[in-house]
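K.L.:
structure for this input, please:
(one chain, ligands or ions: 2)
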Amino acid sequence: MNKRQIRTEILDRRNQMRNEQRELAEATILKSLTQLKEFNNAHTIASFVSFRNEIEMRSINASVLGAGKKLVLPLIDMTLKTMTFHAVSELDTLVRNSYGILEPNPTIHEQVGIDAIDLILTPGVAFDQSGYRLGYGGGFYDRFFSELKKATPSIGIAFECQVVVNLPIDAYDQKIHGLLTEAGLRYFNQ
Ligand SMILES: Nc1ncnc2c1ncn2[C@@H]1O[C@H](COP(=O)(O)OP(=O)(O)OP(=O)(O)O)[C@@H](O)[C@H]1O
Ligand SMILES: [Mg+2]
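P.N.:
Ligands and ions are numbered 1, 2, ... in the order given. Model (predicted):
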């Protein structure tokens with residue numbers, strides 16, 4: 001299967017999850033995340049806002065703030081094909097973009113340099129057993145990871161139904177360090 005076919009299949013699988021199953025998985029993931037050393041050691045955490053039926057990130061983002069950490073969220077520029085991260089201290093100040101996704105407002109949410117980030121909670125459509133990920137196809141996270149100057153830990157956050165054995169890989173695809181699902185945390189050799 002090519003990347004496009006895998007995206008369709010996995011999004012389909014994720015759509016079929018029942019509400020109770022989702023909520024149980026989300027609660028398990030939140031609890032495990034807050035117990036991770038990467039979470040507890042981080043001062044600044046890059047997270048994301050859920051898109052469509054992605055895992056609910058609001059309670060995770062609220063926990064980052066509740067733990068007294070700096071929460072930074074992505075802002076995508078479709079024309080420039082860039083992704084910047086901005087500090088958000090109140091989730092209610094996010095604004096809805098033309099795709100319906102909540103995002104920071106760069107006039108009130110200050111941009112934070114990528115090397116100031118201590119942990120990157122990473123979204124994705126599909127993840128494989130070696131640490132490769134497949135996003136929605138924009139290449140935003142691949143570009144972002146390739147620009148990092150240090151080995152900042154990156155942990156994918158997803159449901160177990162989004163995990164496959166092997167993903168098709170292009171030269172620019174970047175690996176993540178770990179993957180957290182309701183089945184637990186996996187670490188990958190880099
Ligand atoms: N480091 C890079 N520099 C320039 N272009 C890149 C880079 N990495 C990826 N791209 C471009 O991004 C496009 C989409 O890549 P891909 O299909 O792997 O996206 P994805 O991994 O699903 O997206 P994302 O990383 O946003 O989750 C490709 O056409 C590729 O040329
Ligand atoms: Mg990619």
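
K.L.:
just the buried residues of the longest helix seen in the chain, please?
P.N.:
Counting by DSSP state H, the longest helix found in the chain is helix 19-35. For helix 19-35, burial by neighbour count (16 or more other CB atoms under 10 Å) applies to 22, 25-26, 29-30, 32-33. (Glycine included, C-beta is placed from N, CA and C.)

K.L.:
would TSV of the residues you listed with pLDDT and distance to residue 73 be doable?
P.N.:
Output for the buried residues of helix 19-35, formatted as TSV (pLDDT from 0 to 100; distance: CB to CB, whole Å):
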residue	pLDDT	distance to residue 73
22	97	22
25	98	22
26	98	18
29	98	18
30	98	17
32	98	21
33	98	16
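
K.L.:
would a markdown table of these with distance to ligand 2 be doable?
P.N.:
What follows is the buried residues of helix 19-35, written out as a markdown table (distance: CB to the ion, whole Å):
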| residue | distance to ligand 2 |
| --- | --- |
| 22 | 25 |
| 25 | 24 |
| 26 | 25 |
| 29 | 23 |
| 30 | 26 |
| 32 | 25 |
| 33 | 23 |
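
K.L.:
nearest to residue 148, of those?
P.N.:
Minimum distance to residue 148 across the buried residues of helix 19-35 is 20.8 Å, recorded for residue 33 (CB to CB).

K.L.:
let me see the contact set for that closest one.
P.N.:
By CB atoms under 8 Å, 6 or more residues apart in numbering, residue 33 lies in contact with 39, 60, 63, 121, 157, 180.

K.L.:
the fifth one: neighbouring residues, count only.
P.N.:
Spelled out, it's residue 157. Here the neighbour count serves as a burial measure; for residue 157 (other CB atoms under 10 Å) it reads 25.
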